[in-house]
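Mind folding the following:
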Amino acid sequence: MGKFKSLASETVIYGGGTILVRLLNWLLMPYYIRTMDLFQYGLVTNIYSYIAIFLVILTYGFETTFFRFAKKDDFKTVFTTAFISICSSSILFLLLLYPISDNIANSNYTDLIKVAALLVAIDAVSALIFAKLRFDNRSIKFALLKLINVLVIIGLNIFFLRICPIIVENYSADSILYKFVHIVYSPGREAYFVLISNLLASIVVLLFLVKTAISSIGKFDFTLLIRMYKYSLPILIVGITGMINQNIDKILLPKLIGGDEGIKQLAIYGANFKIGVLMAMFTQSFRMAFEPFFFKHHRESNDNSIYNNILTYFTIFGFFIFLGVCYFLDVINLFLTSDYLEGNVIIPIVLLAQLLSGVYFTLSVWYKVSDNTKYGAVMGIVGCIVTVLLNFVLVPMFGYIGAAISSLVGYAIMVLQSIYYSNKIYPIYYNWKKISSYGLLTISLYLITYIFNTFFSNTFDTLLNYIFRYSLSIGLLIVFLLIVYKNEFKNLKKAI
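Just a heads-up that it's a prediction; the model follows:
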């Protein structure tokens, strides 16, 4: 099996599992907006933004570092050294945070902070064990455990947000069910129970992972740990800046708008941002397969031409997803309620930002395999500064639209930096002319439907309008696929 085909098959396995898991998790969004008010959902969006950033801090680049050192040093020693380090730092994090949690927020949110912190600590430990599964190419077990996690989350969310309120409202205070529910549930704290559901699911998954961790335990090597820290520090900076780029808008938005209205606007932004995560499902599954792949490929061969094909086909699939989501947004909007539809304007921007995030990750191969991770840190810091500054400038002017634009520009700056530094330090050929032509084709096809929807949709009655709109959308998608097939079929056969 060719290397490109191997990567494609791994992406399909990771993708199938990841997309299914992310899709099920994504379906919680329409459930949340129907079982809690704007303020509570805004809190959920805000808290998970902090969780994402702190999870990167507590794993401090050791997933990538594990892949890098496991190829050179004794596997069990590398895993054990990394595992003990992450467990120790996670415990230290909890010991430092819990005593001061009352001072971080008012009493209404102290429990949220404590649950979120414990969730981050557990997921940090699990992340390294999941990295081992990826290293061992155990993609099916990886996907199954991710599926178990989200199924437990869904089940507990249904229990806390739907079943418990029904019992509280309809059962007498003397009934056994009411007494049980009264112990574990209290109304008006939906955001808290969303976090509790996630925490319990993470504990369940960690229990499944314990055997995998124990079977890989070897000796702890302090000298190796120092080497791993030196390698991972720039990756940590890359990870933090990347998470800031993805989540700072959801942290700053309520602060820049202010009051309860800021949280409510964040809820609208967060729900529509979730639709853009349909692109992230694809990019995440690709990333899961690509990182172990390029380290193995680099060890076995100095041929970098394969990365051109990988980036080209990655962007083609990304452009197709962009068109599919934008063309059939009316169908996707069935998952939203009327309170959230006004935020649809950010979806094309979010889709492009997520795609650029994937492009940047694909380009990152040059500094990872050449041990020039410091450049990843520099690029991440610059992108992060741009994103944060633009949020402060654009959010007060344009609200959540400004937040979406800030993220897009931040990723664009990071991509341009990576191209520039790669050409100077570790050149890898990419056919940017071809990729740009597909980008222009995608934007052109999108604008055709946008112009129709804007200027001509009222020309026909409702039924004819829908018939014409979806006929046009499907026709343009077919045009895109035919052009891709004509230009890429022979190249794809050679790559496989």
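
Tell me how far stretch 466-475 lies from the chain's centre.
31 Å (Cα atoms, centre = their mean, to the nearest Å).

Would you mind putting the CA coordinates of it into PDB?
Output in PDB follows, covering the C-alpha atoms of stretch 466-475 (Å, rounded to 0.1, in the frame of the first residue of the first chain):
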ATOM      1  CA  TYR A 466     -36.500  26.500  -3.300                       C
ATOM      2  CA  ILE A 467     -36.500  24.300  -6.400                       C
ATOM      3  CA  PHE A 468     -34.400  26.700  -8.300                       C
ATOM      4  CA  ARG A 469     -32.000  27.400  -5.400                       C
ATOM      5  CA  TYR A 470     -31.300  23.800  -4.600                       C
ATOM      6  CA  SER A 471     -31.100  22.800  -8.300                       C
ATOM      7  CA  LEU A 472     -28.500  25.600  -8.700                       C
ATOM      8  CA  SER A 473     -26.600  24.500  -5.600                       C
ATOM      9  CA  ILE A 474     -26.500  20.800  -6.600                       C
ATOM     10  CA  GLY A 475     -25.500  21.800 -10.200                       C
END
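
Let me see the contact set for T35.
Residues in contact with T35 (Cβ atoms under 8 Å, 6 or more residues apart in numbering) are L161, R162, E190. (C-beta placed from N, C-alpha, C; glycine too.)

One more: F320?
Listed by Cβ under 8 Å, 6+ apart, the contact partners of F320 are L477, F480, L481, V484.

how does it look with 10 Å?
F282, Y438, T442, L477, F480, L481, V484 (Cβ atoms under 10 Å, 6 or more residues apart in numbering).

The second one and I316, how far apart?
To tie it back to what came earlier, the one meant is Y438. 6 Å (Cβ to Cβ, to the nearest Å).

got it, and the fourth one?
In this structure, L477 and I316 are 13 Å apart, going by Cβ to Cβ.

Neighbour count: these two, which is higher?
For L477 and I316, the more surrounded residue by other Cβ atoms under 10 Å is I316, and the numbers stand at 21 against 16.

Would you agree the more buried one is in contact with I435?
Yes: here I316 reaches I435: they are 8.6 Å apart, a contact under Cβ atoms under 10 Å.

buried stuff in the helix or strand harbouring L144?
Taking DSSP states H and E as the definition, L144 sits inside helix 139-158. Buried residues in helix 139-158, counted by 16 or more other Cβ atoms under 10 Å: 139, 142-143, 145-147, 149-150, 152-154, 156-157.

Let me know the helix or strand that the spatially most distant residue from the centre of the chain is in.
Using Cα atoms, centre = their mean, the residue of the chain lying farthest from its centre is D174. It sits 45.2 Å away. Assigned by DSSP H and E, D174 falls within no helix or strand.

next one: D371
Using DSSP H and E, no helix or strand contains D371.

which residue packs closest to it, ignoring adjacent ones?
Y231 (7.3 Å; Cβ to Cβ, 6 or more residues apart in numbering).

the strands in the stretch 351-496 of the chain, which residues?
With DSSP state E, counting those that start in this stretch, there are no strands along the stretch 351-496 of the chain.

in it, which spans are helices?
Along the stretch 351-496 of the chain, counting by DSSP state H, counting those that start in this stretch, helices occupy 365-369, 373-398, 400-425, 432-451, 462-495.

got the buried residues for stretch 440-449?
Buried residues in stretch 440-449 (16+ other Cβ under 10 Å): L441, T442, I443, L445, Y446, T449.

Out of those residues, which is nearest to L408?
I443 (13.4 Å; Cβ to Cβ).

That closest one against L351, yeah?
No: under the contact definition of Cβ under 10 Å, I443 does not touch L351, with a separation of 11.8 Å.

Between these two, which contacts overlap?
With Cβ under 10 Å, 6+ apart as the test, I443 and L351 both reach F319, F322, L323.

Can you add pLDDT and secondary structure and give these back as a markdown table?
Listed next are these as a markdown table, based on pLDDT from 0 to 100; DSSP: H, G, I helix; E, B strand; the rest coil:
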| residue | pLDDT | secondary structure |
| --- | --- | --- |
| F319 | 93 | helix |
| F322 | 93 | helix |
| L323 | 93 | helix |
